[in-house]
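Enquirer: Sequence and predicted structure are below.
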Amino acid sequence: KKNKKYLYLFIYNNHMQNYSIFSLVKNAFSNHQNWEVAWKDPEPKKEYDAIIIGGGGHGLATAYYLAKEHQLTNIAVIEKGWIGGGNVGRNTTIIRSNFMYDANARFNEFGMDLWRNLSLELNFNVMFSPRGIINLAHSDAQMNAYARRGNSMRLNGIDAVLLNREEVKKYIPMADFSDDVRFPIFGGLMQPSAGTARHDAVAWGYARQADSMGVDIIQHCEVTGFEIKNGKILGVNTSRGNIKTKKIGLCVAGSTNLLAEKLNMTLPIETHCLQACVSEPVKPLLDGVVTYGAGHFYISQSDKGEMVMGGDLDGYNSYAQRGNLPTLQHVLTGGLALFPFLSRQKMLRTWGGVMDMSMDGSPIIDKTHIDGLYINCGWCYGGFKSTPVSGWTFAHTIAQDRVHELNSKLSLNRFTTGELLDEKGLGTKTWIG
């Protein structure tokens, strides 16, 4: 069965120009004028076996794994904008699996395994860099909490190292370790295998491979309604015409509630704007990802030298891809408290994305009460890190019409039964902490 899948991939890849040093040299002789397009721009067909709404990382990954793992190729990905224009191109690129609860830990560690081979699998360099992540602790209570989380991670086969103050100082000597700071650094929890990847490359790599397998990627195609009869999906209405299908997967992040409203559904999620920013580039000084334990701030350094930073949501509901200055100022105040050197840097650019915040901080990948309708939402701050495993499990759920063991706990009805996956113990206040 495994060999059959690889043969299937080989046949389709023969129709796609492989990227390699040899193709680079070959195209250099023609002044790089003969490269094939990465993916086509087809007109929508009248009917598909399945339609994925949302051309971001999760939607493209779902389409790719539907083709690769389940041999479904009469599929369309429809996107109201352009590929990579949503959250997949607006995040801070952090990849991790440092969760305490078994369901979240196993789900995301499976995703880490997919990340490690993704560049080779997609024949596209996603620039996965396992440079590690450190969550800083600023009290004995936080150290105890991190010890519990680290032990839980290790029981699930995930690498975790509890660091004391001096060990943290070896990794980030430029942080403020003075004794008179408001929130002194006590130590931290490190996941050495965590890291970052290039967000645009992930979208482009999945789009290119899905296209090579026969998936139609249809951009500038906005959903205007759904065709439903006797509780079954029959099709979708779009700005480019009506399309018949028996299966629809929603992968639209912060726009999920807008489509749910067209389906007369009320979901346990809210939409908020999350801002991020980068500084001017500087010489390499920060190897991994660092999060501030006394406030919501996280930072890493890109390959171009920019300091990539993010933190809290804008506190009100919004569908705008830009936020307000006070929130950004609040986030960067925490950054300056941790890394005083940031005060000397100029901000290069800021941006925002729309987050689908679930009521317990964990995602939803499930079937719905409408036959043929499947949802993938509630990713809060961390959708990018789970792109491969989200697509893999969502493809299984759509193709097999049943959830996989990995996403069985990420059900929609957990908000009815009370079986929540509340990593922070904050209830519905998922934006706090």
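Expert: Received it, and whenever you're ready, just let me know what you need.

Enquirer: Going by C-alpha atoms from here, please, whenever you check contacts or count neighbours.
Expert: Noted.

Enquirer: What is the burial count for Lys247?
Expert: 23 (other C-alpha atoms under 10 Å).

Enquirer: all numbers from here: first residue = 24
Expert: Fine by me, first position is 24 from now on; the one you just mentioned is Lys270.

Enquirer: Quick check: it vs Gly82, distance?
Expert: 14 Å (C-alpha to C-alpha, to the nearest Å).

Enquirer: what about the stretch 24-173 of the chain, any weak spots by pLDDT?
Expert: 24-38 (pLDDT under 70).

Enquirer: for it, what spans make up the strands?
Expert: With DSSP state E, counting those that start in this stretch as the criterion, the stretch 24-173 of the chain has strands at 73-76, 98-101, 117-118, 156-160.

Enquirer: of all the ones you listed, which lies closest to Gly405?
Expert: strand 117-118 (8.0 Å; C-alpha to C-alpha).

Enquirer: Mind giving me the packing neighbours of the closest one?
Expert: Judged by 3 or more C-alpha pairs under 8 Å, 6 or more residues apart in numbering; DSSP states H and E, strand 117-118 is in contact with strand 218-219.

Enquirer: Would you tell me what the next helix or strand after the strand it packs on is?
Expert: helix 222-235 (DSSP states H and E).

Enquirer: Distance of the residue nearest to the spatial centre of the chain relative to Phe122?
Expert: Centroid-nearest residue in the chain: Phe407, 1.5 Å away (criterion: C-alpha atoms, centre = their mean). Phe407 sits 15 Å away from Phe122, going by C-alpha to C-alpha.

Enquirer: Do a quick rundown of the helices in this protein.
Expert: For the chain, applying DSSP state H gives helices covering 25-36, 44-51, 80-93, 125-139, 141-145, 163-178, 188-194, 222-235, 279-285, 348-361, 410-423, 437-440.

Enquirer: Tell me the buried residues in stretch 111-121?
Expert: The neighbour-count check on stretch 111-121 (16 or more other C-alpha atoms under 10 Å) flags Val111, Gly112, Arg113, Asn114, Thr115, Thr116, Ile117, Ile118, Arg119, Ser120, Asn121 as buried.

Enquirer: make that stretch 250-265, sorry
Expert: Buried, per 16+ other C-alpha under 10 Å, within stretch 250-265: Glu250, Ile251, Ile256, Leu257, Gly258, Val259, Asn260, Thr261, Asn265.

Enquirer: could you dump those residues to TSV with distance to Gln423 and pLDDT?
Expert: Listed next are those as TSV, based on distance: C-alpha to C-alpha, whole Å; pLDDT from 0 to 100:
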residue	distance to Gln423	pLDDT
Glu250	22	98
Ile251	21	98
Ile256	16	98
Leu257	18	98
Gly258	19	98
Val259	21	98
Asn260	25	98
Thr261	26	98
Asn265	25	98
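
Enquirer: Need the winner for burial among the helices of the chain.
Expert: Using mean count of other C-alpha atoms under 10 Å, the stretch among the helices of the chain with the greatest mean number of neighbours is helix 80-93 (a mean of 27).

Enquirer: Tell me where the stretch 224-373 of the chain has strands.
Expert: 239-241, 246-252, 255-261, 264-267, 271-273, 292-302, 312-315, 320-324, 330-340, 370-381.

Enquirer: so can I have TSV of those showing distance to Gly395?
Expert: Output for those, formatted as TSV (distance: least, C-alpha to C-alpha, whole Å):
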stretch	distance to Gly395
strand 239-241	19
strand 246-252	10
strand 255-261	5
strand 264-267	12
strand 271-273	6
strand 292-302	21
strand 312-315	40
strand 320-324	39
strand 330-340	29
strand 370-381	22
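
Enquirer: can you tell which of these is closest to Phe206?
Expert: The nearest among the strands of the stretch 224-373 of the chain, by C-alpha to C-alpha, is strand 312-315 at 9.8 Å.

Enquirer: What is that closest one packed up against?
Expert: Checking 3+ C-alpha pairs under 8 Å, 6+ apart, strand 312-315 ends up next to strand 156-160, strand 320-324, helix 348-361.

Enquirer: With only the CA atoms kept, save the second one in CSV.
Expert: This means strand 320-324. Taking C-alpha atoms only, strand 320-324 is exported to CSV below (Å, rounded to 0.1, in the frame of the first residue of the first chain):
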residue,chain,number,x,y,z
PHE,A,320,5.3,38.5,24.1
TYR,A,321,7.3,36.2,21.9
ILE,A,322,10.3,36.8,19.7
SER,A,323,12.6,35.2,17.2
GLN,A,324,15.1,36.3,14.6
